[in-house]
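Enquirer: sequence plus the predicted model coming up.
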4 protein chains.
Amino acid sequence: MTDPAPRPGRGRRPAAEVRTAALAAAAEVLLSEGIRAVTFERVATTGGLSRTTLHKWWPTPGALAVEAYFARAEPLLDFPDTADVEADLTTQLTAFVVLLTGPTGPVVAGLLGAAQSDPALAAAWSEHYSRPRRDLAVRALRRARSRGQVAEDVDLAVVVDQLWGACYHRLLIPDEPLTPDLARHLVRNVLHGIAPRSGPGAGVRDGLTGLVTAARGRFGRR
Amino acid sequence: MTDPAPRPGRGRRPAAEVRTAALAAAAEVLLSEGIRAVTFERVATTGGLSRTTLHKWWPTPGALAVEAYFARAEPLLDFPDTADVEADLTTQLTAFVVLLTGPTGPVVAGLLGAAQSDPALAAAWSEHYSRPRRDLAVRALRRARSRGQVAEDVDLAVVVDQLWGACYHRLLIPDEPLTPDLARHLVRNVLHGIAPRSGPGAGVRDGLTGLVTAARGRFGRR
Amino acid sequence: MTDPAPRPGRGRRPAAEVRTAALAAAAEVLLSEGIRAVTFERVATTGGLSRTTLHKWWPTPGALAVEAYFARAEPLLDFPDTADVEADLTTQLTAFVVLLTGPTGPVVAGLLGAAQSDPALAAAWSEHYSRPRRDLAVRALRRARSRGQVAEDVDLAVVVDQLWGACYHRLLIPDEPLTPDLARHLVRNVLHGIAPRSGPGAGVRDGLTGLVTAARGRFGRR
Amino acid sequence: MTDPAPRPGRGRRPAAEVRTAALAAAAEVLLSEGIRAVTFERVATTGGLSRTTLHKWWPTPGALAVEAYFARAEPLLDFPDTADVEADLTTQLTAFVVLLTGPTGPVVAGLLGAAQSDPALAAAWSEHYSRPRRDLAVRALRRARSRGQVAEDVDLAVVVDQLWGACYHRLLIPDEPLTPDLARHLVRNVLHGIAPRSGPGAGVRDGLTGLVTAARGRFGRR
DNA sequence: TTTTAAGCGAGACGGTACGTCGTGTCTTCAT
DNA sequence: ATGAAGACACGACGTACCGTCTCGCTTAAAA
């Protein structure tokens, strides 16, 4: 693939240099062949490094892979913060879907897959990405709530699962395609609910069995 | 665990017998040590089988693992179908969460993780489990829609992602815990939305900024 | 050095073929670079073999090395058995010294050195070489004794140490050189002792078979 | 075993102090686990030293090991020098056998084994031990010769090989056990020879000091 | 007495070997 | 014919040393 990058000197090289070389090599392998190809052996050879060194810095090839991924990934996009939650969420989520739809999709899927049997990888992913990401989203939702756009008693973490989690679902268990307008649907559903809007005609439903409960769940509370 | 099941005879054994022996051995390893331990080598040893045979029947250890999993798993629960969608969904989803919370959780996580780099496993999972499951859920939602409990223009597949997908999210990226009441929140959110009921039509709601209603509606329930 | 001997087929090869290939490769490395170069890694690459296979057949690189050595070495020379012990021993021992003086010397030294920290090697050496060799020598001495050429109460095993062991000593702790006439001295010393023969009374020995030659070998020379 | 001897200071320490610490650590490892465990790494760790330093002072772990061995070993025993060669040699050789039979035996064997592939070790052994030892023995034999107890034309170096070398043989190629009475047999054999003393000429020896005992020890037995 | 530099400690890095495990392929044998 | 038994090549893992090199710092020797 790339040059074997033969290192003449046998002595010590500054740690930083080696680290970046390792991350570069790992990223290259990761992006071109997937995480299964990211082995210490492979990274060592393509990066002109010693396997021993990799073992010293990363507990697991997976951990190296995540770090390489983030070293190359763009920083976390900050949430847009207009007064319109729906638009903001849709924008943000669409960007996410686009990301997963592109070449990064399989990579992320692979990483998450590997994380299921590699605690080090899972921890790194959580620390570098998913936790901050979640926090960002929750903060945005909290802002929306403070603006009166989200009900007070809603567990915001759950909302995140229903937006981003839904996208991950389509990524990881691809029975349904990941399409750009998925974001729109997700946001709309979770904001306004999928139960029909009553309007004036809401009365119509009165008397229907079964619907009663549902309707009550929504309106009948008083 | 169990005996190595020594098979003295070297000649041919009936195919069916071999298959069930393989599935039993695989299930045992899978449930006790996770999918990473389900290798042809291991299954062959603990099942008293020949590795060659396993290669012939399953393309991948992962494929064998899924099949073993389903050979032992309970059949798909049918959806309850009272007239109350919310209750039905909550019931069903709670059962799912309970499943994932129990000992099966890690197993499923492992399988899904492995599926990301094992197309055979992914296909088997989709065919045996996720597709039928999705269809079941969509059918239930469709029934609800036909009863007028779900808005016409809602993409039902998306709703599935927002319910089950959200649970998978918590399973696979465990930044937040999988708790039993998650199901309730998920269903409520997606049915009624998290935005406060407001606007002109909210006249019903006493002119309160909508949060009131929502809050009331919610707390009034218990 | 030699051809990498690329093996196209991945499947099984007859065991015998592999064994001989391994032994050949090991012998080559052993004779050209000494036992320290005989590692599984090295033998595997130069022989076009898999390291795993070598592990299966030999417990230790050293064990492989001994076996390779004997696979290439000439069979044990049988003892000459004329009626003259001194001549016979000298002949035999001289051959041994010549062997150790030649290119085989360092190899044997290396093997014996390695045997000190490799029980498998030591066992193989003992079984294949040193024990039979000792037995051969002891048998020859026993024959001599039965001919009346060796005193009845002599521990023959000790004599072997004083002949062959002395040579090993010069090989392994080379403070003094291994020269061809060492053999002669060794035999003479141990047969007749280094204490001075009484002088004129030497005539007494005339008439004794076998000893005559020996005595002459020493005193008759001047 | 002992404490890791934590050295807080990072700066320079007097050379002598470092050397003795290294030797002590090396000796400890050598005596408890054999020479294979004496690696720079190991000695550095257990001695609280830096590997770099060890590299500067000793070319090879083996060289360090020998030096550590001698730093701890008792000084060379001087030869007893009564007028009785046989007794003197037997005494001295018995002490040697006892040494090799005890805990030191395996250590010496290991050192000699390692010496076969470590010239630095071999040189150190020769210089510190084997050469002086040989010289001592040869000097003792020379004294005996000047007393007329050893024949004039005997190569004394060869005798040493037949005495000490024989013991080394049993140590390094342990097909026969190293027993205390080995020393006696060795000395007797080499002094008087193993060929039967026969005939009337045996009377000649009467009156000779020392030899008488030996001869009697032998013939008187039956 | 002050300065200087010798040399140790800490530790990183490339490299070689070990022993183990799993895979995919192949062959031979028994039923 | 097909399953079993099992051998082989291959690739990866994790560990252990080695030899080399770069720092930072202390202290012993030089000024």
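Expert: Now that the structure is in, tell me what you want to look at. Residues are numbered from 1 along each chain as shown, chains lettered A, B, ... in the order given.
Enquirer: so how far is A:Trp58 from A:Val38?
Expert: 10 Å (CB to CB, to the nearest Å). C-beta coordinates here come from the backbone N, C-alpha and C atoms, glycine included.
Enquirer: so where's chain A shaky on pLDDT?
Expert: The model of chain A has pLDDT under 70 over residues A:1-15, A:74-77, A:197-222.
Enquirer: A:Val38 and A:Trp58: who's more crowded?
Expert: A:Val38 (28 against 24; other CB atoms under 10 Å in any protein chain shown).
Enquirer: one step back: joint contacts of A:Val38 and A:Trp58?
Expert: A:Leu64 (CB atoms under 8 Å, 6 or more residues apart in numbering or on different chains).
Enquirer: wait, A:Leu136 sits on A:Phe79?
Expert: Yes - A:Leu136 lies in contact with A:Phe79 (CB atoms under 8 Å); the separation is 5.9 Å.
Enquirer: show me chain A divided up by domain.
Expert: If you go by the TED database, the domain ranges for chain A are A:17-72, A:85-192.
Enquirer: DNA strand E: which of the ones you listed is closest?
Expert: Nearest to DNA strand E, of all the domains of chain A, is domain A:17-72, at 3.3 Å by CB to the nearest atom of the strand.
Enquirer: quick one: that closest one near DNA strand F?
Expert: Yes - among the residues of domain A:17-72, A:37, A:39-42, A:51-52, A:55, A:60-61 lie within reach of DNA strand F under CB under 7 Å from any atom of the strand.
Enquirer: among the residues you listed, who's most crowded?
Expert: Ranking these using other CB under 10 Å puts A:Pro61 first, with 25 neighbours.
Enquirer: who's in contact with it?
Expert: By CB under 8 Å, 6+ apart, the neighbours of A:Pro61 are A:38-40, A:43.
Enquirer: in TSV, list these along with secondary structure and distance to D:Leu100.
Expert: Formatted as TSV, the contacts of A:Pro61 follow (DSSP: H, G, I helix; E, B strand; the rest coil; distance: CB to CB, whole Å):
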residue	secondary structure	distance to D:Leu100
A:Val38	coil	55
A:Thr39	coil	50
A:Phe40	helix	47
A:Val43	helix	52
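Enquirer: can you give me the strands for chain A?
Expert: Secondary structure of chain A (DSSP state E): no strands located.
Enquirer: quick one: buried residues of stretch A:81-99?
Expert: Using 16 or more other CB atoms under 10 Å in any protein chain shown as the test for burial, stretch A:81-99 gives A:85-86, A:88-94, A:96-97, A:99.
Enquirer: contacts for that stretch, please.
Expert: Stretch A:81-99 is contacted from outside by A:77, A:79-80, A:105, A:108, A:137, A:140-141, A:143-144, A:147, A:149-150, A:163-164, A:167, A:178-180, A:182-184, A:186-188, A:191, B:195, using CB under 8 Å, 6+ apart.
Enquirer: if you set the cut-off to 6 Å instead, what comes out?
Expert: A:79-80, A:144, A:149, A:163, A:167, A:178, A:180, A:182-184, A:187, A:191 (CB atoms under 6 Å, 6 or more residues apart in numbering or on different chains).
Enquirer: please apply the same query to stretch A:110-128.
Expert: Residues from elsewhere that reach stretch A:110-128 (CB under 6 Å, 6+ apart): A:34-35, A:59-60, A:62-63, A:66, A:70, B:36, B:109-110, B:113, B:116-117, B:175.
Enquirer: that stretch near DNA strand E anywhere?
Expert: No - judged by CB under 7 Å from any atom of the strand, stretch A:110-128 stays clear of DNA strand E, getting no closer than 12.8 Å.
Enquirer: what about that stretch, near DNA strand F?
Expert: No - using CB under 7 Å from any atom of the strand, stretch A:110-128 never reaches DNA strand F; the gap is at least 9.0 Å.
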